[in-house]
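Peer 1: test case, fold it:
(2 chains)
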2 protein chains.
Amino acid sequence: MARSYSKPADGPSPARDSRARILSLLTSRLAVALASVFVTLVYCSFTSLAVQQSVPTKDAFTSSYDLTPIQATSRGPEAKEKLLILTPLKDASPWLDEYFENIARLNYPPNLVSLAFLVSDSTDDTVAKLRRRAARLAKLPKAQRYDSITILQKDFSFNLASEVRHGFEGQPVRRAFIARARNYLLSAALRWDHAWVLWLDVDVVRYDPNILSDLMSIDKDIVVPNTLWHLEKNWDFWGFDRNNFAETEASLDLLEKIGPNVMLVEGYRELMTNRLHLVDMPTHLGLAYVPLDGIGCTFALVKAHVHREGITFPTYVFENEVETEGFAKLAKRAGFEVVGVPGLLVFHAQNH
Amino acid sequence: MARSYSKPADGPSPARDSRARILSLLTSRLAVALASVFVTLVYCSFTSLAVQQSVPTKDAFTSSYDLTPIQATSRGPEAKEKLLILTPLKDASPWLDEYFENIARLNYPPNLVSLAFLVSDSTDDTVAKLRRRAARLAKLPKAQRYDSITILQKDFSFNLASEVRHGFEGQPVRRAFIARARNYLLSAALRWDHAWVLWLDVDVVRYDPNILSDLMSIDKDIVVPNTLWHLEKNWDFWGFDRNNFAETEASLDLLEKIGPNVMLVEGYRELMTNRLHLVDMPTHLGLAYVPLDGIGCTFALVKAHVHREGITFPTYVFENEVETEGFAKLAKRAGFEVVGVPGLLVFHAQNH
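Peer 2: Numbers count the residues shown, from 1 in each chain, chains lettered A, B, ... in the order given. Just a heads-up that it's a prediction; the model follows:
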């Protein structure tokens, strides 16, 4: 059965008039504008909420890391292994520009590299200069930027007069303070995901851009290149870091005689140690390496697990050594391999 | 001189018509809506940009810390000194609930306390249980929450059969692995702002809620309470941690005889060391303390600067000791004070 629909009369109707008023109000330009603003705001807040939730807010409270897969292998950059460069500083302002230019030339993906500095007992503008440099580096596109830069300060109230700083008598106290600075720097800067640590002095002024891959290819726990003086105004060189040494029968005899608690220092006429020094070895044999018993840390590449297993820089005399040479002796005692590469050269400024 | 302005004729004008069309187009509802959306979006992005800038985005890249003011004093909680509690774990699931209940009772502001765990070579649900506990603790109001919880994993592929685990012969290998675990935990969890480190075994089941203030009041670099067995079903006790010891003339004679590279272990009938043990000292003298030469770390409070200066748990034999006793010997060699408080008791579960 068909129904008949009656069309309402088109006469005056208060109800219809108020409906039309409401309709025109709802479709007015003001209403449309307000509705658009409202919808846009709701949309904005939802998307920004989504962004906030994708950032792990709870992770600020709880963090969970598996250290087992963190490895340092001979394929460092290809395996995306993270490198931490550690540099202790004291009144180092004049060296910083050249330092940053040199590390910028390193063939290692910058986003895998973290830099950390510990500035201690300084009276110059080292910290301010570091901060300015970090601010400038922060403006680089993310792919060209370092992973992170950490600037630490710690004063030890230590100021040995510079005349005695490199003299024989000042060495035990001076070296113990440098060891403390290194340990503070290491403990504050080493992150769970770093695979490698490079100890780099601020006044190492020249090295090959491929040196990291070369050193990593040797695949040892601790490896150092040969550090030479960089003489001003010409490219002549001269052995510098005599802390890279191997014991000999003659030196072991001496150690036996004096006992383990006397500190030995290399490179002073006052004491002939009869050790074999990396700087005196032939430099034409490419990546050939030799086992060492002591090292300096002008440029020292360390697999991070060595430090994670507790090997630090002794502030006390350990097997006749403190600081970097003591670090090598501790590492050897704990079963790690320490080697030097006489053919890989880095140049240290002749600044004292 | 007055200028006369001529009003344009109101006749047909193509220019005026197109102007009117453009005007009506610009004031249409669609245009108003689009304009509103546009203005709102611009406003939103500006304000969210402002929010982003107030969050230090650059700080993810650059961080800058001054470690000089970080001090551990006798007034720990009042001086708002931050405490890191470190607990190495292996198949520890059955102990976790009681562990968390015990630390929750400690009289130390929870927002000054960080917790960190290293789980190694475990086959039970220790990690899952830790994560669930951390998620639950994250829901507490901020004032009642710990500063942070860090859950680390690191497998050493070490599984000494449990029959030999506590036997005399298994000790050197077993203790070296525990030392490695402690060092990994320490290096990944110690933050630049921690003033104190508490080494706490998961199976320490009873201690006084005021023990931290009591230990801090003694104001030494390393201080340990007296760890006793907690016998099941009654409150009898029995000396447990014989690693808290002081050398005697008789023990020093023995050390002299065997040389520094032989590892000594306390508490085995196979070897009488003739050392003086904290567990054998009188317990009624309150906070009186005695200097120690070796410690265990069932419950050991350490000023963080001891670790920051490079003192870790030797994995090698150092002055006849490894791990926690070796840690005490290293600390003493580096000039730090190590003491024990016979009158402060903590109770260890009798779980083996």
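Peer 1: show the pLDDT at residue A:236.
Peer 2: Looking at residue A:236, its pLDDT reads 48.
Peer 1: any chance you could map the strands in the stretch 101-250 of chain A?
Peer 2: Taking DSSP state E, counting those that start in this stretch as the test, the strands found in the stretch 101-250 of chain A are A:113-119, A:148-153, A:194-200, A:204-206, A:222-230, A:237-239, A:245-246.
Peer 1: residues touching the third one, excluding its own?
Peer 2: Residues outside strand A:194-200 that contact it (C-beta atoms under 8 Å, 6 or more residues apart in numbering or on different chains) are A:70-72, A:76, A:81-87, A:103, A:114, A:182, A:186, A:190, A:212, A:216, A:297-304, A:307, A:324. From N, CA and C alone the C-beta is placed, and that goes for glycine too.
Peer 1: and residue A:284, how far from chain B?
Peer 2: As for residue A:284, its distance to chain B is 37 Å (criterion: C-beta to the nearest C-beta, to the nearest Å).
Peer 1: show me what the lengthiest strand in chain A is packed against.
Peer 2: The residue-count maximum for a strand in chain A (DSSP state E) belongs to strand A:338-349. With contacts defined as 3 or more C-beta pairs under 8 Å, 6 or more residues apart in numbering or on different chains; DSSP states H and E, the packing partners of strand A:338-349 are strand A:204-206, helix A:211-217, strand A:222-230, strand A:290-291, helix A:323-333.
Peer 1: just to revisit the earlier point, filter the contacts of strand A:194-200 down to the buried ones.
Peer 2: Applying 16 or more other C-beta atoms under 10 Å in any protein chain shown to those, the neighbour count classes A:70, A:72, A:76, A:81-87, A:103, A:114, A:182, A:186, A:190, A:212, A:216, A:297-304, A:307, A:324 as buried.
Peer 1: so what's the residue in the stretch 151-300 of chain A positioned nearest to chain B closest to, chain neighbours aside?
Peer 2: Distance from chain B to each residue of the stretch 151-300 of chain A (C-beta to the nearest C-beta) is smallest for residue A:183, at 3.5 Å. The shortest distance from residue A:183 to any non-neighbouring residue, by C-beta to C-beta, 6 or more residues apart in numbering or on different chains, is to residue B:310 (3.5 Å).
Peer 1: ok, now residue A:317?
Peer 2: Take residue A:317 and drop its neighbours on the chain: the residue closest to it by C-beta to C-beta, 6+ apart is residue A:263, 4.8 Å away.
Peer 1: now do the contacts for that neighbour.
Peer 2: With C-beta under 8 Å, 6+ apart as the criterion, the residues that contact residue A:263 are A:171, A:172, A:175, A:317, A:320, A:321, A:322.
Peer 1: assign it to helix, strand or coil.
Peer 2: In three-state terms, and counting by DSSP: H, G, I helix; E, B strand; the rest coil, residue A:263 is coil.
Peer 1: what's the spacing between it and residue A:116?
Peer 2: The spacing between residue A:263 and residue A:116, counted by C-beta to C-beta, to the nearest Å, is 28 Å.
Peer 1: right, and residue A:147 touches residue A:116 too?
Peer 2: No. Proximity of residue A:147 to residue A:116 does not meet the contact threshold set by C-beta atoms under 8 Å, at 10.7 Å.
Peer 1: among these two, which residue is more densely surrounded?
Peer 2: residue A:116 (23 against 18; other C-beta atoms under 10 Å in any protein chain shown).
Peer 1: for that one, what are its contacts?
Peer 2: A:84, A:85, A:86, A:87, A:149, A:150, A:151, A:152, A:185, A:188, A:189.
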